[in-house]
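Engineer: Build me a structure from this.
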Amino acid sequence: MSTYRKIHGRSIQAVTTDPSESVAEGQVWYNTSSDTFKSVVSLEAFSSSASMGTGRYQAMWAGEGTQNATLSCSGRTAAPAIVTNTEEYNGSGWTVGGACNNAENSCAGFGTQTAAIKTGGYPGSDPEGLATESESYNGTSWTAGNAISPGRQGHAGAGVSTAGVIFGGNDGTVLNKTEEFNGTNFSNVNNMNTARQNLSGVGIQTAALAAGGGTTPVTTAAEVYDGTNWTTVGSMNTARQGMGSFGTSTSAAVTGGTTGSNSTATETWDGTSWTTSPATLATARAFYGDCGAGSSTAGIVAGGYSTATIGNTEEYNKSSNVFTAAAWASATASNTTRYLGHGVGTTTACVVYGGIKNPGSTYRAQTEEWDGSTWAEQNDMGTARFFGMYAGTQTAALIGGGYTGTSVSNTEEYDGSSWSEVNNMPAVNRLQAGFGVQTAAVSAAGQGSPGKWANVYHYDGTNWTSATAYPTAVEQMAGCGTQTAGLVSGGGADPGLVNTQFEYDGSSWTAGGNLPSVLSYQANNGTQTSCQIIGGGSPSYVVNVTDYDGTACATSPSLDTARGYGRGTTTSGATTGAILTLGSTPGTPSSNTSTQFTSATETVTAKTLTTS
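Structural biologist: Below you'll find the model as predicted:
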């Protein structure tokens with residue numbers, strides 16, 4: 001009689017708990033606690049990721065990129081305007097790349113995030129004057145290349161920057177024309193069997209797949225290119241155009257698109273036939289452009305047109321594990337309604353204090369501690385105030401300056417139970433940024449007397465001393481980090497809000513990567529090299545969250561509700577988790593609601609084996 005060991009060369013492992021790390025599909029184990037045999041099976045699903053900075057449709061993509069490294073360029077925004085914006089995706093968010101030279105929508109591309117080619121498109125002028133331009137991207141900037149012929153829009157591309165192919169599209173007539181790229185020039189080669197536009201294309205120059213697209217009517221046709229000829233292969237199950245796609249000529253997926261109405265459906269290709277996948281998009285959409293990157297088991301699509309232009313990003317995974325996207329979700333409300341309070345600590349041990357309630361302009365002295373699940377009232381501050389600097393931990397917090405109806409300079413320390421008055425700041429101050437710990441803190445810029453100033457002060461646990469001035473007079477910004485590795489973001493200067501960030505090493509300020517847009521009254525959580533910039537906005541609050549890695553900003557999953565004047569706390573490394581409470585939300589000037597950020601997770605799916 002054959003046994004599992006004889007067939008597979010190893011015995012079944014007995015364990016008391018199911019494994020939590022990645023497990024190969026089909027692996028079997030015996031769980032002694034539940035007295036069951038278990039295994040894992042593949043699952044297919046989409047999960048949401050951070051949205052693009054600029055929502056767009058009919059954009060160019062670097063299709064040979066991976067799920068964790070691709071780019072999108074140009075396309076049409078909600079304005080509607082055709083843009084030159086480039087954005088790069090790093091697996092968790094989008095960063096700003098170098099702008100292309102020519103604004104076009106319905107362009108096509110191929111290559112990778114650091115070596116991409118963009119071709120053709122519609123520049124928004126005479127439809128008969130479709131673009132013939134090509135451009136190459138080196139990971140930083142775009143350089144003009146040689147022309148395609150004919151000029152076209154709505155085509156697809158495949159391959160790498162030194163060996164690519166474009167096919168289909170429209171030059172006033174729906175096309176079956178194919179052109180190969182050798183790293184320098186484009187040349188016409190054998191045509192596709194079916195003329196089409198707004199089709200999907202994946203693969204490389206010598207093994208490309210074309211699927212679906214618009215003809216009269218929309219088609220299910222698919223064909224593969226071997227570097228010389230096109231061969232018709234098995235048709236898709238559903239005719240559609242404007243889909244997203246990723247994979248190779250023998251293992252691919254297409255998703256979304258329009259069949260007359262926008263779709264959420266996905267089909268997978270195994271080199272022979274198409275199968276409808278159980279994985280569906282969260283948002284029905286079409287006309288992504290030449291969209292998508294990655295493999296047939298780990299792909300990404302973003303942007304497109306739903307009922308409006310969108311920037312939503314969704315990742316596709318076929319795996320034996322379950323992927324849960326990073327997200328913000330409602331958490332336990334704090335006890336006291338207020339905004340412009342102060343908060344320090346971690347996601348399981350933080351303290352919030354002070355603030356103001358509107359309407360009524362009631363200054364708050366209340367202090368609350370968070371243990372990871374509940375808020376508990378503690379002793380009040382000695383001076384009710386808001387707009388102060390703040391730093392420290394749950395058991396060693398600090399506040400300096402602020403506003404009580406007039407700006408103040410008094411300082412208080414918190415020991416985890418009660419507040420004590422200590423030495424005053426050198427001058428009255430409010431709306432400044434604060435960061436550090438109770439015995440090594442920084443107060444940066446803000447509003448002195450009179451008006452905005454650039455003054456910086458250090459606190460050593462006893463005294464305040466003057467330090468190197470902030471590069472500009474500014475207020476309403478936020479800070480994070482330590483006295484020797486701090487970060488200050490945004491704020492209001494003259495004549496208006498700024499998107500600048502400056503890093504501090506304890507003695508000097510250095511310009512960091514700019515925020516995607518001007519911002520004030522946000523919350524900063526984390527460290528100088530792993531910071532989350534959350535919400536904010538004046539006069540309108542935003543849901544935007546931005547990650548900063550010490551070099552550049554990237555989009556992050558948005559808040560569940562737009563919020564400004566909030567205060568939050570984080571674990572070490574902002575992208576691992578945070579909790580935000582207090583603040584103002586649309587229609588609610590003062591709030592006690594809380595929201596919590598949970599990072600992405602991947603867990604093994606264990607299926608119990610039965611005899612049925």
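Engineer: mind showing which ranges of this structure have poor pLDDT?
Structural biologist: Segments of the chain classed as low confidence (criterion: pLDDT under 70) are 1-11, 18-29, 35, 37-42, 126-128, 538-539, 567-575, 604-612.
Engineer: domain assignment for it?
Structural biologist: 4-41, 45-319, 331-598 (automatic domain parsing).
Engineer: Is it possible to get CSV of the ones you listed that adds mean neighbour count and distance to A325?
Structural biologist: C-betas here are computed from N, CA, C, even on glycine. Listed next are the domains of the chain as CSV, based on neighbours: other CB atoms under 10 Å; distance: least, CB to CB, whole Å:
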stretch, mean neighbour count, distance to A325
domain 4-41, 13, 18
domain 45-319, 21, 4
domain 331-598, 21, 7
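Engineer: ok, A444 touching Y504?
Structural biologist: Yes: with contact defined as CB atoms under 8 Å, A444 counts as touching Y504 (7.4 Å).
Engineer: Can you work out which residues contact both of these two?
Structural biologist: Taking CB atoms under 8 Å, 6 or more residues apart in numbering as the criterion, A444 and Y504 both touch G486, V488.
Engineer: OK, contacts around S51?
Structural biologist: W94, A302, I310, G311, N312, T313, T555, S558.
Engineer: show me the contacts for the closest residue to it other than its chain neighbours.
Structural biologist: Closest residue to S51 apart from its sequence neighbours, by CB to CB, 6 or more residues apart in numbering: G311 at 4.3 Å. For G311, the residues meeting the contact criterion (CB under 8 Å, 6+ apart) are S51, M52, G53, T54, G55, R56, A302, G303.
Engineer: Helix, strand or coil: sort out the fourth one for me.
Structural biologist: Spelled out, that is T54. Three states are possible here, and by DSSP: H, G, I helix; E, B strand; the rest coil the one that applies to T54 is coil.
Engineer: Excluding covalently adjacent residues, which one is nearest to it?
Structural biologist: Distances taken as CB to CB, 6+ apart place N85 nearest to T54, at 5.0 Å, with adjacent residues excluded.
Engineer: next one: T216
Structural biologist: Nearest residue to T216 in three dimensions, chain neighbours excluded: V174, at 7.8 Å (CB to CB, 6+ apart).
Engineer: Please tell me I have it right and that neighbour contacts T194.
Structural biologist: No: contact criterion CB under 8 Å: V174 and T194 do not qualify, at 9.5 Å.
Engineer: Who's the closest spatial neighbour of E179, skipping the chain neighbours?
Structural biologist: Using CB to CB, 6+ apart, the nearest residue to E179 is F186, at 4.6 Å.
Engineer: Bridge partners for that neighbour, pull those for me.
Structural biologist: On DSSP bridges, the residues paired with F186 through beta bridges are F181.
Engineer: contacting residues for it?
Structural biologist: Residues in contact with F186 (CB under 8 Å, 6+ apart) are T119, S134, N146, A147, I148, S149, I166, E179, E180.
Engineer: Go again with 7 Å.
Structural biologist: N146, I148, S149, E179 (CB atoms under 7 Å, 6 or more residues apart in numbering).
Engineer: Check whether the third one sits in a helix, strand or coil.
Structural biologist: Put simply, S149 is coil when judged by three-state DSSP.
Engineer: I'd like the distance between it and N85.
Structural biologist: According to CB to CB, to the nearest Å, S149 and N85 sit 27 Å apart.
Engineer: next one: the first one
Structural biologist: Taking CB to CB as the criterion, N146 is separated from N85 by 24 Å.
Engineer: what's the overlap in contacts for V174 and T194?
Structural biologist: Counting by CB under 7 Å, 6+ apart, the shared contacts of V174 and T194 are T215.
Engineer: Can you list the strands that the strand or helix carrying N524 pairs with?
Structural biologist: Using DSSP states H and E, N524 maps to strand 523-527. Partners of strand 523-527 in the sheet, by DSSP bridges, are strand 530-534 (antiparallel).
Engineer: Using CSV, list the CA coordinates for the strand it pairs with.
Structural biologist: C-alpha atoms of strand 530-534 as CSV (Å, rounded to 0.1, in the frame of the first residue of the first chain):
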residue,chain,number,x,y,z
SER,A,530,9.5,56.8,8.1
CYS,A,531,6.9,59.5,8.5
GLN,A,532,3.1,59.5,7.9
ILE,A,533,1.6,62.9,7.1
ILE,A,534,-2.1,62.6,7.8
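Engineer: In terms of secondary structure, what does the next helix or strand after it contact?
Structural biologist: Counting by DSSP H and E, the element after strand 530-534 in chain order, helix or strand, is strand 545-548. With contacts defined as 3 or more CB pairs under 7 Å, 6 or more residues apart in numbering; DSSP states H and E, the secondary structure elements packing on strand 545-548 are strand 530-534, strand 553-556.
Engineer: rewinding a little: quick one: which of the contacts of G311 is nearest to A333?
Structural biologist: Nearest to A333 out of the contacts of G311 is S51 (CB to CB; 26.7 Å).
Engineer: Quick check: the closest one vs G405, distance?
Structural biologist: Remark: distance between S51 and G405 (CB to CB) = 41 Å.
Engineer: same deal with T510?
Structural biologist: Going from T510 to G405 by CB to CB gives 37 Å.
Engineer: now P426
Structural biologist: Counting by CB to CB, the separation of P426 from G405 is 21 Å.
Engineer: Also G227?
Structural biologist: Going from G227 to G405 by CB to CB gives 77 Å.
Engineer: swap in A163?
Structural biologist: Separation of A163 from G405 (CB to CB) stands at 70 Å.
Engineer: same thing with Q447?
Structural biologist: With the distance defined as CB to CB, Q447 ends up 15 Å from G405.
Engineer: swap in A279?
Structural biologist: The gap separating A279 from G405 is 58 Å, by CB to CB.
Engineer: T184 too?
Structural biologist: Noted for T184: a distance of 71 Å to G405, by CB to CB.
Engineer: How about A397?
Structural biologist: Where G405 is concerned, A397 sits at a distance of 23 Å (CB to CB).
Engineer: cool, and I533?
Structural biologist: Distance of I533 to G405, computed by CB to CB: 30 Å.
Engineer: The residue nearest to Q67 when sequence neighbours are not counted: what's it in contact with?
Structural biologist: Using CB to CB, 6+ apart and skipping the chain neighbours, the partner closest in space to Q67 is G294 (3.9 Å). Counting by CB under 7 Å, 6+ apart, G294 makes contact with T66, Q67, F246, I300.
Engineer: Quickly find the element holding the third one.
Structural biologist: Pointing back at F246 there. Using DSSP H and E, F246 falls within strand 244-247.
Engineer: What is the subsequent helix or strand relative to that strand?
Structural biologist: Along the chain past strand 244-247, the next helix or strand (assigned with DSSP H and E) turns out to be strand 252-255.
Engineer: Tell me the strands beside that following strand, with direction?
Structural biologist: Sheet partners by DSSP bridges: for strand 252-255, these are strand 244-247 (antiparallel), strand 266-269 (antiparallel).
Engineer: List the contacts of the last one.
Structural biologist: Translated: strand 266-269. Outside strand 266-269, the residues that reach it (CB under 7 Å, 6+ apart) are 209, 236-237, 251-255, 274-277, 279-280, 296.
Engineer: Among those, which one sits closest to R563?
Structural biologist: Using CB to CB as the measure, the one of the contacts of strand 266-269 that approaches R563 most closely is T280, at 30.5 Å.
Engineer: shouldn't that closest one be in contact with S263?
Structural biologist: No: contact between T280 and S263 fails when scored by CB atoms under 7 Å: they sit 8.8 Å apart.
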